[in-house]
Structures are given as structure tokens and as C-alpha cells.
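Undergrad: generate a structure from the sequence data that follows.
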Amino acid sequence: MLTAMLVFASALAQGAPPPQTAAAIKDVTAQTRRYFDAVRRNDAVELDAIFSPDYTEVSPLGQVDKRAQVVGFYQVAARAQTGQASELGEVTVDDLVVNVYGDVAVVIAGESFKMSVAGKPVSRPMRSTLVWHRRAGVWTLVASHHTAIRPPVAPGKTVER
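TA: Sure, this is the predicted structure:
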């Protein structure tokens, strides 16, 4: 992961536009959609294949989790389903921005998680930053940071930071 971040920082420091190819953007976009589909299905096996060995995640609650913790979370979630459909009914990915810097790609995704909470449908909008690294021709996810989007604040109200 350190190598990927150094390549990314070097590309930014040079001020040159990132070298992007249509094929790399297409591949990273497909991997990003594969990732969100695996999340929707609580598919720990698929996520295990997508994550790099050094994968790290910042959850929407601000927790920093290593690869084993994240895969373990989805294994527990899948077992809890006991053959029933997930409470997470749909993940819609929109506002997908993909930038490729050689063997590193940074994706900013807007997504909406539609789920059932206490039997009522709820939609949770999120923003995610995903960092991908191409190793031996395969894009693997090395880091992600997920942030919940606050609902709009009514005029005249204040928001705590």
C-alpha cells in the first residue's frame, strides 16, 4: 500500500494530468461495481478476493478496520441471514469518478444503501473513497473510506460538528 500511495503522491506533486486509459478506467469501474455488489450480498468470499492483503477501511462510524476484521464482519452478517435475503435490499452507485495514475486508481463514489430497519424502508446516502492498486494485472482494493451523508438541515437549525 505504501508503494501505491507514493506513486499517487508523486503524480499529484508533478502537477501533470494523470495518465488514464479507457481500459484501466473500465476495469476499475467494473471492480468498483463488483465490490458494492459483494457488500450488498454480504459476500465475504467475494470481498476476500477483491481486497489486497494489506486492505484497510475507515467505516462510516470512523473505525479503522484491517482486512481480517472487514471480511469477518461480512462472514458474520452472511451467517445471520440464515438463507434469507439481506436487510440491505439495494446499493445504488452514482456519481462515480475514477482517476487512474499508472497502477493506482482513486474512485470517489456516491451511493445509496436501501435497507429495512425495524421493518421500515430506509435509504442511507454515502460517499466513499476507494484506492485500487494493480498488481500482476489485477486491480485489488487497498483502502476505502466511507462517510454517511447527513440529511439536509432545516433552515434556522444548527448542526453540531
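Undergrad: low-confidence ranges in this structure?
TA: The chain contains residues with pLDDT under 70 at 1-20, 79-89, 116-117, 159-161.
Undergrad: what about the longest helix in it?
TA: Determined from DSSP state H, the single longest helix within the chain is helix 22-40.
Undergrad: report all helices and strands that it contacts.
TA: Helices and strands touching helix 22-40, as assessed by 3 or more Cβ pairs under 8 Å, 6 or more residues apart in numbering; DSSP states H and E, comprise helix 44-50, strand 88-101, strand 104-117, strand 120-135, strand 138-148. Where C-beta positions appear, they are placed from N, C-alpha and C, glycine not excepted.
Undergrad: out of these, which is closest to residue 38?
TA: Set against residue 38 and scored by Cβ to Cβ, the helices and strands packed on helix 22-40 come closest in helix 44-50, at 3.8 Å.
Undergrad: how about residues contacting that closest one?
TA: For helix 44-50, the external contacting residues (Cβ atoms under 8 Å, 6 or more residues apart in numbering) are 31, 34-35, 37-39, 70-72, 74-75, 77-78, 140-141.
Undergrad: flag every buried residue along the longest helix of the chain.
TA: Within helix 22-40, the residues that count as buried by 16 or more other Cβ atoms under 10 Å are 24, 27-29, 31-32, 34-36, 38-40.
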